[in-house]
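Participant: turn this into a structure:
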Amino acid sequence: MTYDFKASLADGLQSGAIATSNNAAINDVIDEFTRQIFEGTDEQVIVCRALLYDIGGYITHDPGEPGNKVPSFEAIVARPPDWEEGQEDSEFILAELARGELGFPCTVICDGYEFQCDDPEALQEALAEMISLASTGEILNHLRNPGESHVGPSRRPL
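Facilitator: Below is the predicted model:
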């Protein structure tokens, strides 16, 4: 008996199309979130997606060694518009984003909360909850008014 690889191929192509659509929807929600936060902070804070690497407990954008090129996690980070990598205390992880194989469900993890999101609407609600947390407000105030406000220990800068 011969295995029907064509049926498996059809399943894979269908799953791939669903994943592409769902990941585009996730990106669209985060892009709109980013736009609104930038406008809402009078263009003083940029929020964006970032692929980050955890190299022995040190979080970085650039893993350095060629063998370390596998991203550890996707994150939503906040930084000032004039940010340059390596600036101390100027970029903060707001949340980790864990996407499912098909994009959804995805999980937003921040400040002890885990928001399970099955669709774009649930992701919008999770991001709204995350941005309303006091610890997120501390970060945004710190980025808008450097030197005038401090960030609590629950969120670490990159």
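
Participant: where in the chain is pLDDT low?
Facilitator: For the chain, the stretches flagged by pLDDT under 70 are 54-71, 86-89, 150, 152-158.

Participant: check the gap between Asp31 and Gly12 for me.
Facilitator: The gap separating Asp31 from Gly12 is 28 Å, by CB to CB, to the nearest Å. C-betas here are computed from N, CA, C, even on glycine.

Participant: tell me where this structure has strands.
Facilitator: 46-55, 58-60, 73-79, 92-100, 103-110, 113-117 (DSSP state E).

Participant: how about the first one as PDB, C-alpha atoms only?
Facilitator: Presented in PDB, the C-alpha positions along strand 46-55 are these (Å, rounded to 0.1, in the frame of the first residue of the first chain):
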ATOM      1  CA  ILE A  46       7.300  53.900  20.100                       C
ATOM      2  CA  VAL A  47       5.800  50.500  20.800                       C
ATOM      3  CA  CYS A  48       6.800  47.700  18.400                       C
ATOM      4  CA  ARG A  49       7.400  44.000  17.900                       C
ATOM      5  CA  ALA A  50      10.900  42.700  18.400                       C
ATOM      6  CA  LEU A  51      12.500  39.300  18.200                       C
ATOM      7  CA  LEU A  52      14.700  38.900  21.200                       C
ATOM      8  CA  TYR A  53      17.400  36.500  22.200                       C
ATOM      9  CA  ASP A  54      18.100  35.200  25.700                       C
ATOM     10  CA  ILE A  55      21.800  34.500  25.900                       C
END
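
Participant: can you list the buried residues in it?
Facilitator: Neighbour counts over strand 46-55 (16 or more other CB atoms under 10 Å) mark Ile46, Val47, Cys48, Ala50, Leu52, Tyr53 as buried.

Participant: next: the last one.
Facilitator: Across strand 113-117, burial judged by 16+ other CB under 10 Å covers Phe115, Cys117.

Participant: from the contact counts, what lies against that strand?
Facilitator: Secondary-structure packing of strand 113-117 (3 or more CB pairs under 8 Å, 6 or more residues apart in numbering; DSSP states H and E): strand 103-110, helix 120-132.

Participant: over to the third one?
Facilitator: Judged by 3+ CB pairs under 8 Å, 6+ apart, the packing partners of strand 73-79 are strand 46-55, strand 92-100, helix 134-144.

Participant: so whichever helix in the chain runs longest versus strand 92-100, what angle?
Facilitator: Counting by DSSP state H, the longest helix found in the chain is helix 5-40. If you take axes from the mean of the first three to the mean of the last three CA atoms, to 10 degrees, helix 5-40 sits at 160 degrees to strand 92-100.
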